[in-house]
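S.K.: Quick one, fold the following:
(chains A and B)
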There are 2 protein chains.
Amino acid sequence: MPEITAAAVVIGNEILSGKVTDTNSPFLAAELRTLGVALKRIAVVPDELDEIAIEVRSCHEAFDVVFTSGGVGPTHDDITMEGIARALGRRVVSHPDIESKLRVFYGDKVNRARLKMAEVPEGAELITDVSLNFPTIKVENIYILPGIPEIFRQKFLGLKPRFLTTPYCVKVVYTGVGEGTIAEFLDDTLREFPELMLGSYPKIDNPEYMVKVTLESKDAGYVERALQHLLRVLPAGSVVRTEE
Amino acid sequence: MPEITAAAVVIGNEILSGKVTDTNSPFLAAELRTLGVALKRIAVVPDELDEIAIEVRSCHEAFDVVFTSGGVGPTHDDITMEGIARALGRRVVSHPDIESKLRVFYGDKVNRARLKMAEVPEGAELITDVSLNFPTIKVENIYILPGIPEIFRQKFLGLKPRFLTTPYCVKVVYTGVGEGTIAEFLDDTLREFPELMLGSYPKIDNPEYMVKVTLESKDAGYVERALQHLLRVLPAGSVVRTEE
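M.R.: Numbering: from 1, shown residues only, chains lettered A, B, ... in the order given. Here you go, the predicted model:
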């Protein structure tokens, strides 16, 4: 089944310096998963033009969709638009529709810094959402979202219907024995079901289970057959419970 | 003042699929900051050899130190050692010291999967720490840490003394006005103090302040002079409080 692939580029010194914890990429990861979109990469880069441009360009070329987070405000460290423009070999221009919205919104308090928020890579599209004051900006396959978590979420939720695809089917097996014991049976299952996405996540000091094993595919029948195979080959008594 | 630069490469489909939130890179970001080390990049990549190798190679070349997180257990998806070996053009070999430790630790329960944990890129060093059962593995400038947060932390804390450098000096100004109002004064401060690291972080729906402005440098006197300059140019009444 065809997969839509995605990448997240998180822009901000505040995350790299540990001042702020990035909650946008975990939110995006979980949301994309429920939509059936495969997030293949997250990169956190500093507020530096070349770093932004290089990462955005490489994600733009490698993945179907790119989301950026951060760097779109009015201050000196907000250089995401310029970084994306550089990634795509475009100029930065002031978008007349955003500029007029900003002039209405700020009235006589409008200034150069605030008008900077009208600057976009040339040719950018505006995606308007009635629930939001300002449109979301998209250029090529890049959706440019702000870093403030509340607004990042609002904007993403507005975009969500665009990305709905076949969701993943997930089954989970919790084992009471460790990874070293089950590894060969996981390998065996992967030999039989090479298309399966199979994850193995040990948990230490956990009274309930030792390893969480996840089986996934967009093909529900395939996952079910793989699950039955794994349950058949695992040593008797090693499974604590399964979860659908 | 010379800066040690670092990158974190987090390896794991579980993070990209939103099953697990990466807490290792935020921990590392905060720890490195207190040590005075500049974390310049975080990349989360899937359990895929080429993706690991490409990212590790590029970080290995661009930064002084690289930390990897995850992918070092006994199962099929634990391919970090092979990825790093590929990044450096080295073979993967079984390290005799780790192998004998594993044989003692597991006794007659040792098997192929468990012995996989003795595999390292050829030429890797072992860093032993009396408080830990197993050594930390280092190859060139790459420290290879496990994904399980408790062990990641233990191992990092054991390494910490190696990275102590001149810490950053930070001052914070909280303003009661928005970024659009203060932007020009931040720009002015940066023109006077071009070496200053200056961050501007708006907070929405916050009764106490609108923007947190951070001023940083390894030179305490420089930050203090920049702070005094900023406080002088900001409009009267716009500062809620400052923090040292």
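
S.K.: so what are the domain limits for chain A?
M.R.: Domain assignment for chain A by automatic domain parsing gives A:5-163, A:169-243.

S.K.: Looking at the residue of chain A positioned farthest from its centre now. What's its pLDDT?
M.R.: Taking C-alpha atoms, centre = their mean, the residue of chain A most remote from its mean C-alpha position is A:Ala236, at 38.7 Å. A:Ala236 is assigned a pLDDT of 92 by the prediction.

S.K.: Using the three-state scheme, assign it.
M.R.: Three-state call for A:Ala236 (DSSP: H, G, I helix; E, B strand; the rest coil): coil.

S.K.: Can you tell me how far A:Ile142 is from B:Leu126?
M.R.: To B:Leu126, A:Ile142 is 44 Å away according to C-beta to C-beta, to the nearest Å. (C-beta placed from N, C-alpha, C; glycine too.)

S.K.: The strand or helix carrying A:Val93: partners in the sheet, and parallel or antiparallel?
M.R.: In the assignment (DSSP states H and E), A:Val93 maps to strand A:92-94. Within its sheet, and counting by DSSP bridges, strand A:92-94 is paired with strand A:119-121 (antiparallel).

S.K.: what helices or strands is the next helix or strand after the partner strand leaning on?
M.R.: Per DSSP H and E, strand A:119-121 leads on to strand A:125-127 as the next helix or strand towards the C-terminus. With contacts taken as 3 or more C-beta pairs under 8 Å, 6 or more residues apart in numbering or on different chains; DSSP states H and E, strand A:125-127 sits against strand A:136-139.

S.K.: Pull out the buried positions in the strand it packs on.
M.R.: A:Thr136, A:Ile137, A:Lys138, A:Val139 (16 or more other C-beta atoms under 10 Å in any protein chain shown).

S.K.: In TSV, list these along with pLDDT and distance to A:Arg232.
M.R.: Output for those, formatted as TSV (pLDDT from 0 to 100; distance: C-beta to C-beta, whole Å):
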residue	pLDDT	distance to A:Arg232
A:Thr136	94	49
A:Ile137	96	52
A:Lys138	97	48
A:Val139	98	51
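
S.K.: related to what we said a few turns ago, out of the domains of chain A, deepest packed?
M.R.: domain A:5-163 (a mean of 19; mean count of other C-beta atoms under 10 Å in any protein chain shown).

S.K.: low-scoring pLDDT stretches of chain A, where are they?
M.R.: Residues of chain A meeting the criterion pLDDT under 70: A:1-2.

S.K.: all strands of it, in order?
M.R.: Secondary structure of chain A by DSSP state E: the strands cover A:5-11, A:38-45, A:65-69, A:92-94, A:119-121, A:125-127, A:136-139, A:142-145, A:169-175, A:197-202, A:211-217, A:239-243.

S.K.: The last one near chain B at all?
M.R.: No. Counting by C-beta under 8 Å from any C-beta of the partner chain, chain B has no neighbours in strand A:239-243; the shortest distance is 12.3 Å.

S.K.: and what of the longest one?
M.R.: Yes. Contact between strand A:38-45 and chain B, assessed by C-beta under 8 Å from any C-beta, occurs at A:Ala38, A:Leu39, A:Lys40, A:Arg41, A:Ile42, A:Ala43, A:Val44, A:Val45.

S.K.: Residues in a beta bridge with the fourth one, which ones?
M.R.: Just to be clear, that refers to A:Arg41. Residues in beta-bridge contact with A:Arg41 (DSSP bridges): A:Ala7.

S.K.: Now do the contacts for it.
M.R.: Neighbour list for A:Arg41: A:Ala7, A:Ala8, A:Cys59, A:Ala62, A:Phe63, B:Leu16, B:Ala43, B:Val44, B:Val45, B:Pro46, B:Glu51 [criterion: C-beta atoms under 8 Å, 6 or more residues apart in numbering or on different chains].

S.K.: Just give me the closest of the residues you listed to A:Arg225.
M.R.: Lowest distance from A:Arg225 to the contacts of A:Arg41 (C-beta to C-beta) belongs to B:Pro46, with 24.1 Å.

S.K.: ok, now which ones touch the nearest residue to A:Glu99 once chain neighbours are set aside?
M.R.: Once flanking residues are discounted, A:Glu99 sits nearest to A:Ala118: 3.9 Å by C-beta to C-beta, 6 or more residues apart in numbering or on different chains. By C-beta under 8 Å, 6+ apart, the contact set of A:Ala118 is A:Ser94, A:His95, A:Pro96, A:Ile98, A:Glu99, A:Leu102.

S.K.: Let me know the closest of the residues you listed to chain B.
M.R.: A:Leu102 (9.3 Å; C-beta to the nearest C-beta).

S.K.: what residues are up against that closest one?
M.R.: Here A:Leu102 is in contact with A:Val110, A:Arg114, A:Leu115, A:Met117, A:Ala118 (criterion: C-beta under 8 Å, 6+ apart).

S.K.: so the second one touches A:Tyr106, yeah?
M.R.: Yes. With contact defined as C-beta atoms under 8 Å, A:Arg114 counts as touching A:Tyr106 (5.4 Å).

S.K.: Mind listing the shared neighbours of the two?
M.R.: By C-beta under 8 Å, 6+ apart, the residues touching both A:Arg114 and A:Tyr106 are B:Gly180.

S.K.: circling back: redo the contacts of A:Arg41 as JSON lines? Include distance to A:Asp219.
M.R.: JSON lines is the format used below for these (distance: C-beta to C-beta, whole Å):
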{"residue": "A:Ala7", "distance to A:Asp219": "25"}
{"residue": "A:Ala8", "distance to A:Asp219": "26"}
{"residue": "A:Cys59", "distance to A:Asp219": "27"}
{"residue": "A:Ala62", "distance to A:Asp219": "25"}
{"residue": "A:Phe63", "distance to A:Asp219": "22"}
{"residue": "B:Leu16", "distance to A:Asp219": "20"}
{"residue": "B:Ala43", "distance to A:Asp219": "30"}
{"residue": "B:Val44", "distance to A:Asp219": "26"}
{"residue": "B:Val45", "distance to A:Asp219": "25"}
{"residue": "B:Pro46", "distance to A:Asp219": "20"}
{"residue": "B:Glu51", "distance to A:Asp219": "24"}
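
S.K.: and which of those residues is nearest to A:Arg191?
M.R.: B:Pro46 (20.5 Å).

S.K.: hang on, that closest one packs against A:Ile42?
M.R.: No. In terms of C-beta under 8 Å, B:Pro46 does not count as a neighbour of A:Ile42; the distance is 10.3 Å.

S.K.: ok so, going back, show me which of the contacts of A:Ala118 is closest to B:His229.
M.R.: For the contacts of A:Ala118, the nearest to B:His229 is A:Leu102 (28.9 Å; C-beta to C-beta).

S.K.: just to revisit the earlier point, and which of the contacts of A:Arg41 is nearest to A:Thr189?
M.R.: B:Pro46 (19.3 Å).

S.K.: Quick check: closest non-adjacent residue to that closest one.
M.R.: Counting by C-beta to C-beta, 6+ apart, the residue nearest B:Pro46 is B:Asn13, at 5.1 Å.
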